[in-house]
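Asks: Predicted coordinates and the sequence they were generated for:
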Amino acid sequence: MKPLFSKGPSTASRVFTLGGLALFLILVNTYTSLLDPVRARLATLVAPLYMVADAPARAVDEVSDSLRTRRDLEEENSALKAELLIHKRKLQQMATLAAENVRLRQLLNSAEVVQDRVLVAELIGISPDPLTHKVIVNKGASHGVYLGQPLLDAYGLMGQVVEVSEYTSQVLLITDASHALPVQVNRNGVRAVAEGTGDLYQLKLRYLSNTVDIRVGDLLVSSGLGQRFPVGYPVATVESVVHDPGQPFATVVARPKAQLNRSRHVLLVFSGDRAGDAVDAVELSVPEESEEPEESEGGSG
């Protein structure tokens, strides 16, 4: 009689056989290319399984993107604009740092490096008086804003705060007829005072000798005098220089670098001793890192 159940290979022999086969395939795959066509074909066959497995995640992402509200998109856009402003602010000083490197080299070991903090603000109004160049920003005393605080956009200095309320502030632009700030020629360090003319596109440099070295196209930057404006920020570009032999001073006209009639998002700078006045809620404040000392800058309003 034949037995009802035939005895097959033992479990141990099966494990050793399959283990040896697996080891053989691993060695062949590692040291030869014999299995490459097989692996490629298997990958092709398995690809639909990956797509099916990933379909729920893709569906959730698509539904989430389609349900994003307008407010979410506006907040993301504002955050990106703020980040761009901060990076542009840091780039503004690069030309000045290169030009000042030689003149300030001996001061590196004796002056303290100043770290500025910035607060992103938005213009919400302008002065109705055509003879007064003032704008209103949506930050005030509750955000740490103070009188005399400098304001700039992505291109250069715009002005300084002249009135602070709890949640808004008024800023006097550098082109106002009552405003003046110390500047210097970035090319050679010649100092001057840039005064507003009542024209959004013009500044005048007063009391410059006819023999002073200044040319059309020279970049004017904040000079660091008066302890008001941050040092080394672009202010204007010289547009015309007129030397009249009958006059003791040259007539120099410059065009502001800041887009005074276009910029909507701006930066309030906390510099020098005021760097600690920014409230903790200001998360976009970025320390200005420099290899040379910064001086607190000045201007009169």
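Replies: Yep, that arrived.

Asks: drop to CA atoms for contacts and neighbour counts, all remaining ones
Replies: Fine.

Asks: Could you report the neighbour count for Leu25?
Replies: Using other Cα atoms under 10 Å, Leu25 has 12 other residues around it.

Asks: Can you tell me the element it falls in?
Replies: In this structure, Leu25 sits in helix 11-31 according to DSSP states H and E.

Asks: any idea of the mean pLDDT in that helix?
Replies: In this model, helix 11-31 has an average pLDDT of 84.

Asks: Dump it to CSV, restricted to CA.
Replies: Taking C-alpha atoms only, helix 11-31 is exported to CSV below (Å, rounded to 0.1, in the frame of the first residue of the first chain):
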residue,chain,number,x,y,z
THR,A,11,11.8,23.1,6.5
ALA,A,12,15.5,23.5,7.2
SER,A,13,16.5,22.2,3.7
ARG,A,14,14.0,24.7,2.1
VAL,A,15,15.4,27.6,4.0
PHE,A,16,19.0,26.7,3.0
THR,A,17,17.9,26.2,-0.6
LEU,A,18,16.1,29.5,-0.9
GLY,A,19,18.8,31.3,1.1
GLY,A,20,21.4,30.0,-1.2
LEU,A,21,19.4,31.0,-4.3
ALA,A,22,18.9,34.5,-2.9
LEU,A,23,22.6,34.9,-2.1
PHE,A,24,23.4,33.7,-5.6
LEU,A,25,21.1,36.3,-7.2
ILE,A,26,22.5,39.0,-5.0
LEU,A,27,26.0,38.2,-6.1
VAL,A,28,25.0,38.0,-9.7
ASN,A,29,23.2,41.3,-9.5
THR,A,30,26.1,43.0,-7.7
TYR,A,31,29.0,41.9,-9.8
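
Asks: Tell me the gap between that helix and the middle of its chain.
Replies: Counting by Cα atoms, centre = their mean, to the nearest Å, helix 11-31 is centred 59 Å from the centre of its parent chain.

Asks: Going forward, count from 29.
Replies: Sure, I'll start numbering at 29, so the last one becomes helix 39-59.

Asks: Give me the buried stretch members for it, please.
Replies: Across helix 39-59, burial judged by 16 or more other Cα atoms under 10 Å covers no residue at all.

Asks: For stretch 177-193, what is the distance to the chain centroid?
Replies: Worked out by Cα atoms, centre = their mean, stretch 177-193 lies 16 Å from the chain centre.

Asks: Could you point out the helix or strand that follows the helix or strand of the chain with the lowest mean pLDDT?
Replies: Lowest on mean pLDDT, DSSP states H and E among the helices and strands of the chain sits helix 122-132, with a mean of 61. Remark: after helix 122-132, the chain's next helix or strand is strand 145-154, criterion DSSP H and E.

Asks: So which elements touch that following strand?
Replies: Applying 3 or more Cα pairs under 8 Å, 6 or more residues apart in numbering; DSSP states H and E, one finds that strand 145-154 makes contact with strand 162-165, strand 293-298.

Asks: which of those is buried the deepest?
Replies: strand 293-298 (a mean of 23; mean count of other Cα atoms under 10 Å).

Asks: Okay, and Leu179 sits in which element?
Replies: In this assignment (DSSP H and E), Leu179 forms part of strand 178-180.

Asks: Could you list the paired strands of the helix or strand following that strand along with their orientation?
Replies: Using DSSP H and E, the next helix or strand after strand 178-180 towards the C-terminus is strand 185-192. Sheet partners assigned to strand 185-192 using DSSP bridges are listed as strand 178-180 (antiparallel), strand 197-201 (antiparallel).

Asks: of all the ones you listed, which lies closest to Leu253?
Replies: strand 178-180 (13.6 Å; Cα to Cα).

Asks: quick revisit: right, so of the helices and strands packed on strand 145-154, which gets closest to Glu267?
Replies: Using Cα to Cα, the helices and strands packed on strand 145-154 put strand 162-165 closest to Glu267, at 24.0 Å.

Asks: Many thanks, I have nothing further to ask.
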